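Participant: structure, please.
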Amino acid sequence: MRRCTEGKREKIEELLKYIDDRLSTLQNEKEELKQYQKLDKMRRYVLAATSVDLGHHFQGRSIGTYVNGLRTLFS
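Facilitator: Presented below is the predicted three-dimensional model:
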């Protein structure tokens, strides 16, 4: 009976350790995701601002000229 209880206790402790490790991993991934989302938001803002700026710069020119300007800017 005692051996059975010890075995169950060990399994429970292993499960708790796994849960604790998984929580730690998920918390790290959550922080990484927050950083990624912050950087992505900044990137989208810069692209939008650049697009508006280029739109003014290439106003009255063909769309091909505009696209070539974008390629030059981001290459």
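
Participant: ranges for the helices of this structure?
Facilitator: Taking DSSP state H, the helices of the chain run over residues 2-57, 63-74.

Participant: now the shortest one: mean pLDDT?
Facilitator: Right, helix 63-74. Mean pLDDT, computed over helix 63-74, is 68.

Participant: coming back round to it: which one of the helices of the chain has the lowest average pLDDT?
Facilitator: helix 63-74 (a mean of 68).

Participant: coming back round to it: turn the helices of the chain into JSON lines, including mean neighbour count.
Facilitator: (Glycine included, C-beta is placed from N, CA and C.) Shown next, in JSON lines, are these (neighbours: other C-beta atoms under 10 Å):
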{"stretch": "helix 2-57", "mean neighbour count": "10"}
{"stretch": "helix 63-74", "mean neighbour count": "11"}
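
Participant: how close does residue 20 get to residue 5?
Facilitator: 22 Å (C-beta to C-beta, to the nearest Å).

Participant: for residue 27, same thing?
Facilitator: For residue 27, the distance to residue 5 (C-beta to C-beta) stands at 33 Å.

Participant: residue nearest the centroid of this protein?
Facilitator: residue 36 (3.4 Å; C-alpha atoms, centre = their mean).
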